[in-house]
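Asker: structure of the sequence below:
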Amino acid sequence: MHTATNRRQPAHNATNRRQPAHNAANRRRTFPARSCPARFISTMTNANNPVHATAYWTTAREHGELLPEELRAPGPGEALVCALYSGISKGTEMVVHSGAVPPRVAQQMRAPHQEGQFPGPVKYGYLSVGVVEEGPEEWKGQRVFCLNPHQDRYVVPVSELTRIPDDVPTRRAVLTGTVETAVNALWEAGPRLGDRVAVVGAGLVGGMVATLLRTFPLSRLQLVDLDPGRKNLADALGVDFAHPDDALADCDIVFHCSASQEGLERSLQLAGDEGDVIEMSWYANREVTLPLGEDFHARRLSIRASQVGVVARARRHRRTNAERLELAVSLLKDPVFDAFLTGSSPFQDLPEVVQGLAHGTIEALCHVIEYPQHNAEPQQSAPSHPTDQR
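Answerer: This next block holds a predicted model:
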């Protein structure tokens, strides 16, 4: 799945959360204060006592390494975050790993806390969960999501952090950024009562879209994929599954998430007259050819891109990126999302894991990276579904 790809555009105004870190301090927000367990008191007391960190870098095409660095002390309105988990956004990160980011969109593709330039060396990623170890008193000890690369400790403005609700397990929270992508697509498409909807491509983002849509009052929803094994995911989500040849046509909305030319062609065929195809795939440097000379014009079809770097136009004047992230993480209280967490590895194995994902020897929807046990996780309130706690 290559759907979360060009989502990370830098912001151009104060309402967009994707601003580079040095501008983010202008958009600080606060949450209710929580007590800080003693074990989260940092040993970093001044600039002469730096914290050592390790981060994953793509150092060359199809090659990554874990490299050490020293962190500066957090300044006013900043926090030192100790990572607990991070998720690999397979589609986007494999594009970066292969050096396939087109130069003309390199700036739009930058992640909020990216360092370096494409094709590399570059530090890239945006699904990180951790606990605030040092920073403003009301933030200490809080579990947070951040659009940060794979790194065991990092310093960011607190305005770039999203607090994880007590009823959302820490591990599941790595999916926040992908749920955000799905939320934005639904805002873009605006499904209505009784709509017939297909989601083509049952990978991470397509599955997320279907998961959110399953609660809508639709007359029909199908998750469509060539891989018959994806029926297991559809069953876990409680959504109907169909092979592309068997998918039902005359749809009001088709979400295309397969990142393939054939998938987009089939999406156009499944859309009913004057229907909308919401294109969520990103093809990087690949060319795509479409049969626009057939009935595309006669049936007045529309193809519309959904790009998560900015809030969808239908909500742009009433929602900020920060509010969209807060909505996304709140939705993760539903244990159904655990179906997307399909593998895990320790942080020290990350270079080999990325190679395995790139070469197809590791199959995953979202592969979770686990950080060392000394990155202690704070206690949570008792969850409503204790068996879902991970």
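Asker: OK, contacts around residue 303?
Answerer: With contact set as CB atoms under 8 Å, 6 or more residues apart in numbering, residue 303 has these partners: 264, 268, 276-277, 279. Just so you know, the C-beta spots here come from the backbone N, C-alpha and C atoms, and that holds for glycine as well.
Asker: that one belongs to a strand?
Answerer: Yes: according to DSSP: H, G, I helix; E, B strand; the rest coil, residue 303 belongs to a strand.
Asker: identify, from the contacts of residue 303, the entry nearest to residue 54.
Answerer: Relative to residue 54, the closest of the contacts of residue 303 is residue 279; by CB to CB it sits at 37.1 Å.
Asker: residue contacts, the closest one?
Answerer: 256, 264, 303-306.
Asker: can I get the contacts of residue 303 in TSV including secondary structure, pLDDT and distance to residue 57?
Answerer: Formatted as TSV, those follow (DSSP: H, G, I helix; E, B strand; the rest coil; pLDDT from 0 to 100; distance: CB to CB, whole Å):
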residue	secondary structure	pLDDT	distance to residue 57
264	helix	97	33
268	helix	97	40
276	strand	98	40
277	strand	98	37
279	strand	97	31
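Asker: tell me which two in these are the farthest apart.
Answerer: Farthest pair in the contacts of residue 303, by CB to CB: 264 and 276, 13.3 Å.
Asker: and the two? Which one has more around it.
Answerer: Higher neighbour count among residue 264 and residue 276: residue 264, with 24 against 20, using other CB atoms under 10 Å.
Asker: hmm, residue 286 and that one touching each other?
Answerer: No: Residue 264 is beyond contact range of residue 286, at 11.7 Å (criterion: CB atoms under 8 Å).
Asker: now for those two: what residues contact both?
Answerer: With CB under 8 Å, 6+ apart, residue 264 and residue 286 have no common neighbours.
Asker: list the buried residues of the helix or strand harbouring residue 356.
Answerer: Assessed by DSSP states H and E, residue 356 sits inside helix 350-359. For helix 350-359, the neighbour count (16 or more other CB atoms under 10 Å) marks 350-351, 353-354, 356-358 as buried.
Asker: now render those as CSV, adding distance to residue 158 and pLDDT.
Answerer: As requested, those are exported to CSV (distance: CB to CB, whole Å; pLDDT from 0 to 100):
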residue, distance to residue 158, pLDDT
350, 26, 98
351, 31, 98
353, 30, 98
354, 30, 98
356, 35, 97
357, 32, 97
358, 34, 96
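Asker: now do the phi/psi pair for residue 208.
Answerer: phi -60, psi -40 (degrees, to the nearest 10).
Asker: now the one 5 residues further on
Answerer: The phi and psi torsions at residue 213 (degrees, to the nearest 10) take the values phi -70, psi -20.
Asker: correct me, but it touches residue 220?
Answerer: No: counting by CB under 8 Å, residue 213 stays clear of residue 220, with 10.5 Å between them.
Asker: residue 67 and residue 57 touch, don't they?
Answerer: Yes: counting by CB under 8 Å, residue 67 touches residue 57, with 5.2 Å between them.
Asker: between those two, which one's more packed in?
Answerer: Of the pair residue 67 and residue 57, residue 57 is the one with more neighbours under other CB under 10 Å, namely 22 against 14.
Asker: secondary structure class for the more buried one?
Answerer: strand.
Asker: what sits against it?
Answerer: Residues counted as contacts of residue 57 (CB under 8 Å, 6+ apart) are 64-67, 116, 120-123.
Asker: do that again at 10 Å, thanks
Answerer: 63-67, 69, 115-116, 120-124, 149-151, 351 (CB atoms under 10 Å, 6 or more residues apart in numbering).
Asker: now the buried members of those residues.
Answerer: 64, 66, 69, 120-124, 149-151, 351.
Asker: need these in a markdown table (columns: distance to residue 174 and secondary structure).
Answerer: Formatted as a markdown table, the buried ones among the contacts of residue 57 follow (distance: CB to CB, whole Å; DSSP: H, G, I helix; E, B strand; the rest coil):
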| residue | distance to residue 174 | secondary structure |
| --- | --- | --- |
| 64 | 19 | strand |
| 66 | 19 | strand |
| 69 | 22 | strand |
| 120 | 24 | coil |
| 121 | 24 | coil |
| 122 | 21 | strand |
| 123 | 18 | strand |
| 124 | 16 | coil |
| 149 | 13 | coil |
| 150 | 11 | coil |
| 151 | 14 | strand |
| 351 | 19 | helix |
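Asker: thank you, goodbye.
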